[in-house]
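> structure for the following, please:
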Amino acid sequence: MIGALGGGIGFVVVLLLGLVQIWIGVLGIEFHLGVWWAVGAIAAALLARFMLPLTIGAFFGATDVLGMHWVVGLLIAAPGLIFVVPGVIATIVAGVRGRAR
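Next comes the predicted model:
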């Protein structure tokens, strides 16, 4: 029972974070390109699963519209970087250590 409740809460949290990212992306696209480009980006995301415009818009929405630091904007736009960057660094370090032997 507790596991199902935790999974449900996790699902809601991830869903809300995704909606906030889309909202910030729309703010960024609307700020720089206008309302109709924002509508087009949402249509591209929903109909063709093309998320790149909203991802770029999320970065600019966080930095230009909401006034956040560029690092925070990058983490909002691409939250997977939190996991990718340490893995890439660890792979590079392991490769350098392997060559040093």
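
> what residue ranges in this protein score low on pLDDT?
Counting by pLDDT under 70, the chain contains low-confidence ranges at 1-4, 100-101.

> mind doing that once more with 80?
For the chain, the stretches with pLDDT under 80 are 1-8, 98-101.

> which residue ranges form the helices in it?
2-32, 35-48, 52-60, 70-77, 81-100 (DSSP state H).

> ranking those by burial, who's on top?
Compared across the helices of the chain, helix 52-60 shows the largest average neighbour count, a mean of 21 (mean count of other Cβ atoms under 10 Å). For glycine as for every other residue, the C-beta is placed from the backbone atoms N, C-alpha and C.

> now do it against helix 2-32, angle only.
Using axes from the mean of the first three to the mean of the last three Cα atoms, to 10 degrees, the direction of helix 52-60 lies 80 degrees away from that of helix 2-32.

> mind starting the numbering at 59 from now?
Okay, using 59 as the starting number, the last item reads as helix 110-118.

> which elements pack onto helix 110-118?
Contacts defined by 3 or more Cβ pairs under 8 Å, 6 or more residues apart in numbering; DSSP states H and E place helix 110-118 against helix 60-90, helix 93-106, helix 128-135.

> could you dump the ones you listed to TSV with distance to R155?
As requested, the helices and strands packed on helix 110-118 are arranged in TSV below (distance: least, Cβ to Cβ, whole Å):
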stretch	distance to R155
helix 60-90	36
helix 93-106	42
helix 128-135	28
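
> for G156, find the nearest of the ones you listed.
Among these, the nearest to G156 by Cβ to Cβ is helix 128-135 (30.1 Å).

> and for the closest one, what's in contact with it?
79, 82-83, 113-114, 116-121, 126, 139-140 (Cβ atoms under 8 Å, 6 or more residues apart in numbering).

> now it against helix 110-118, angle please.
Put simply, helix 128-135 runs at 150 degrees to helix 110-118, going by the same axes, to 10 degrees.
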